[in-house]
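A.B. asks: only geometry, no sequence info:
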Ligand SMILES: O=C[C@H](O)COP(=O)(O)O
């Protein structure tokens, strides 16, 4: 472990959306997640949970002194094909429950079928609800879009419609975050001139997995661009490796360090 890797592991913890999006998630598992979010070397950026756990996550983080940790949740997740009204209702409820960040799945199947308008309208309507209250992250599901031209179009449309972040993946399909998709997305962010961030997500398990994206982001947008407002890593299993490299033992008692 070099000094550079130690710094990198620290930095990645501050950029992490510590995620639990399992069908069998329970209150106990989300409380455990919130405890793990407050590591001995500093808090993660956010926890990301299903909508029914937003209020619990907020209460738990606050009770533990984790007020700086954002609560993110997912809508139109994971298939990305719910009706607009339903997505808006999910978003309203999540905001009412205290969500700070909404990760909405872009209707990627519609784009694959030649309909770009549906995605644009959905992002615009979700942004109107989030306004200045919550960050809107738009999950493009780049592994399913696959074609670089479609990834570019979805990125540019989401940015133009008001996304605060564009995110690669739900973590629920065969191909999740890839460097190729992230490069296209970062180039779209850079060329847009808009204040929008990138969230690689899905399948990131080690510091080396994450390093690829950090280096790409630095190469395309510059080191000064890197901050929790511009770069997040969505991952359920990355924190363990980061802490391990920093010599922090895994919590013995549930999520308590
Ligand atoms: O949004 C984040 C992803 O769902 C996490 O995927 P993962 O479980 O492969 O880390």
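C.D. replies: Alright, I've got the coordinates. Source: prediction; values computed, not measured.
A.B. asks: and this protein, which residues reach the ligand?
C.D. replies: 19, 21, 48, 170-171, 201-204, 234-237 (Cβ under 6 Å from any ligand atom). Backbone N, C-alpha and C define where each C-beta goes, glycine included.
A.B. asks: Which of those are buried? Put it as a PyMOL command.
C.D. replies: Entered in PyMOL, the line below selects the buried ones among those, by 16 or more other Cβ atoms under 10 Å:
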select buried, resi 19+21+48+170+171+201+202+203+204+234+235+236
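A.B. asks: Same list, the residues of the chain next to the ligand, but as a markdown table with pLDDT please.
C.D. replies: Shown next, in a markdown table, are the residues of the chain next to the ligand (pLDDT from 0 to 100):
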| residue | pLDDT |
| --- | --- |
| 19 | 98 |
| 21 | 98 |
| 48 | 99 |
| 170 | 98 |
| 171 | 98 |
| 201 | 98 |
| 202 | 98 |
| 203 | 97 |
| 204 | 98 |
| 234 | 98 |
| 235 | 98 |
| 236 | 98 |
| 237 | 96 |
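A.B. asks: Which residues does stretch 64-71 contact?
C.D. replies: For stretch 64-71, the external contacting residues (Cβ atoms under 8 Å, 6 or more residues apart in numbering) are 34-35, 37-38, 43-47, 49, 54, 57-58, 60-61, 98-101, 135.
A.B. asks: hmm, which of these are the buried ones?
C.D. replies: Among these, those classed as buried by neighbour count (16+ other Cβ under 10 Å) are 34-35, 37-38, 43-47, 49, 54, 57-58, 60-61, 98-101, 135.
A.B. asks: any weak-confidence spans in this structure?
C.D. replies: In the predicted model, the chain carries pLDDT under 70 at residues 1.
A.B. asks: Mind telling me which residue of it is nearest the ligand?
C.D. replies: Of the residues in the chain, the one nearest the ligand is residue 171, at a distance of 2.5 Å by Cβ to the nearest ligand atom.
A.B. asks: what are the phi and psi values for that residue?
C.D. replies: phi 80, psi 0 (degrees, to the nearest 10).
A.B. asks: does it really touch residue 236, like I thought?
C.D. replies: Yes: with contacts counted by Cβ atoms under 8 Å, residue 171 reaches residue 236, the gap being 7.3 Å.
A.B. asks: anything in contact with each of these two?
C.D. replies: Common contact partners of residue 171 and residue 236 (Cβ under 8 Å, 6+ apart): 19, 21.
A.B. asks: So which residues of the stretch 151-257 of the chain form strands?
C.D. replies: Per DSSP state E, counting those that start in this stretch, the stretch 151-257 of the chain carries strands over the ranges 165-167, 197-199, 233-235.
A.B. asks: Lovely, talk soon.
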